[in-house]
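Asks: my questions are about this predicted structure, shown below with the sequence.
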Amino acid sequence: MPDIRIREATPDDAQTILDFIVGLAEFENEPLSTVKATVESIRRDGFGDHRMFETLIAERDGQPVGMALFFPHYSTWTGTPALYLEDLFVTAEARGTGAGFALMRALAQVAEARGWARLDLSVLDWNPARKFYHQLGMTHESEWLLYRLDEDGIATLARTGRDG
């Protein structure tokens, strides 16, 4: 089995990160038009003065085969920051090679080193990766439901009077 190496992404990886985001959209059967990120937005938000996320890159034989894009959030219950994994993606050819495990282990090491008490993520109910997450010891928080307000909803709510 080829060695998997995990490294921090650099601004030069912006196109690779975008390619992985597009690959994830394809895997999730989403129209590619839903991907609004650009190389420029990835460079600005992942590497700029006001960094919004970090990315780890998995390489096999020197070639990028996966990524973990994450950022901190805050747990009021633990009183500490926590790591939120936004996207974990491994190319179809590299699945089963240990790349996903290596990325998750590296994320756990980041959280531990920073004193972050949790590692959280969301996964689609049909995604076979759920079995992988369970094997890692993650638990499905079935009593919690994900809610989302999209850009149009945010604009509408921001302009709605107090009485609705």
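Replies: Nice, I can see it.

Asks: every contact and neighbour count from this point should use C-alpha atoms.
Replies: OK.

Asks: output the below-cut-off pLDDT ranges for the chain.
Replies: 1-2, 124, 126-127, 132-133, 145, 162-164 (pLDDT under 70).

Asks: what are the boundaries of the strands in it?
Replies: Along the chain, counting by DSSP state E, strands occupy 4-8, 54-60, 63-75, 80-90, 119-121.

Asks: can you list those strands in CSV and add distance to residue 26 and mean neighbour count?
Replies: Shown next, in CSV, are these (distance: least, Cα to Cα, whole Å; neighbours: other Cα atoms under 10 Å):
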stretch, distance to residue 26, mean neighbour count
strand 4-8, 24, 17
strand 54-60, 19, 22
strand 63-75, 15, 20
strand 80-90, 11, 20
strand 119-121, 19, 17
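
Asks: and of those strands, who's closest to residue 23?
Replies: Proximity to residue 23 (Cα to Cα) singles out strand 80-90 among the strands of the chain, at 7.9 Å.

Asks: what helices or strands is that closest one leaning on?
Replies: helix 14-27, strand 63-75, helix 99-114, strand 119-121 (3 or more Cα pairs under 8 Å, 6 or more residues apart in numbering; DSSP states H and E).

Asks: would TSV of the strands of the chain with distance to residue 141 be doable?
Replies: Compiled in TSV, the strands of the chain are given as follows (distance: least, Cα to Cα, whole Å):
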stretch	distance to residue 141
strand 4-8	28
strand 54-60	25
strand 63-75	15
strand 80-90	14
strand 119-121	10
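
Asks: of all those, which one is nearest residue 32?
Replies: Smallest distance to residue 32 across the strands of the chain (Cα to Cα): 15.9 Å, for strand 80-90.

Asks: and the angle for that closest one with strand 54-60?
Replies: Here strand 80-90 runs at an angle of 40 degrees relative to strand 54-60 (axes from the mean of the first three to the mean of the last three Cα atoms, to 10 degrees).

Asks: rewinding a little: please identify which of the strands of the chain is closest to residue 27.
Replies: Checking these against residue 27 by Cα to Cα gives strand 80-90 as the closest, at 9.4 Å.

Asks: mind listing the strands the closest one pairs with, and their directions?
Replies: Applying DSSP bridges to the sheet, strand 80-90 is found paired with strand 63-75 (antiparallel), strand 119-121 (parallel).

Asks: would you mind giving the ones you listed as JSON lines with distance to residue 34 added?
Replies: Shown next, in JSON lines, are the strands paired with strand 80-90 (distance: least, Cα to Cα, whole Å):
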{"stretch": "strand 63-75", "distance to residue 34": "18"}
{"stretch": "strand 119-121", "distance to residue 34": "20"}
